[in-house]
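Enquirer: generate a structure from the sequence data that follows.
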Amino acid sequence: MRHLFLMTMLLAALPLAAKAQTWPGWPGPPPPGYDRGSAIADQHRIEMDRLRNQAAEREALAQQQRLQTQLTIQRLQAARQPTPPPPPTAYVPPTLEQERQAREAQADRSDEMIRGVTEIDAWLDRRPN
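Expert: Now for the predicted structure:
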């Protein structure tokens, strides 16, 4: 956070460079000592410096937003209420009556299946017409 503040202060303290201008070629001859190539190079250098400063500002903003996001996530996680564990359920063994009913139900299901199979067997064993 301290580095972000220092970087912002340094970027704000940089003086803005004057924009180099090329000679348009009119209304007369260029002034003495004017070099078109160096003027264009100055324009490119100034533009590159501007783009570098802009990229540094964007990177500082991105870093600041990353830090704010991490802080927000930490704040949300700290405020989150822990869910209580479900109450333990004790195992209750079935009673003798419940076991007898389960055995009878299983026997009824088996008898029903056997009855259906014997009907099919009887139909298959019939005499042809």
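
Enquirer: for stretch 32-39, the averaged confidence score.
Expert: Along stretch 32-39, the predicted local confidence has a mean pLDDT of 76.

Enquirer: now the end-to-end length of that stretch.
Expert: With C-alpha to C-alpha, to the nearest Å as the measure, the ends of stretch 32-39 fall 13 Å from one another.

Enquirer: any stretches of the protein with poor pLDDT?
Expert: Under the criterion pLDDT under 70, the flagged ranges of the chain are 1-26, 28, 129.

Enquirer: residue nearest the centroid of it?
Expert: The structure's the chain has its C-alpha centroid closest to residue 69; by C-alpha atoms, centre = their mean the separation is 12.3 Å.

Enquirer: element containing it?
Expert: Per DSSP states H and E, residue 69 falls inside helix 36-79.

Enquirer: now that helix, how far from the centre of its chain.
Expert: Relative to its chain's centre, helix 36-79 lies at 22 Å (C-alpha atoms, centre = their mean, to the nearest Å).

Enquirer: now for that helix, which elements pack on it?
Expert: In terms of contacts (3 or more C-beta pairs under 8 Å, 6 or more residues apart in numbering; DSSP states H and E), helix 36-79 is packed against helix 2-13. All C-beta spots, glycine's among them, are computed from the backbone N, C-alpha and C.

Enquirer: got the end-to-end distance for stretch 91-102?
Expert: Per C-alpha to C-alpha, stretch 91-102 runs 18 Å from first to last residue.

Enquirer: now do it: distance to the chain's middle.
Expert: The offset between the C-alpha centroid of stretch 91-102 and the centroid of the whole chain comes to 51 Å, using C-alpha atoms, centre = their mean.
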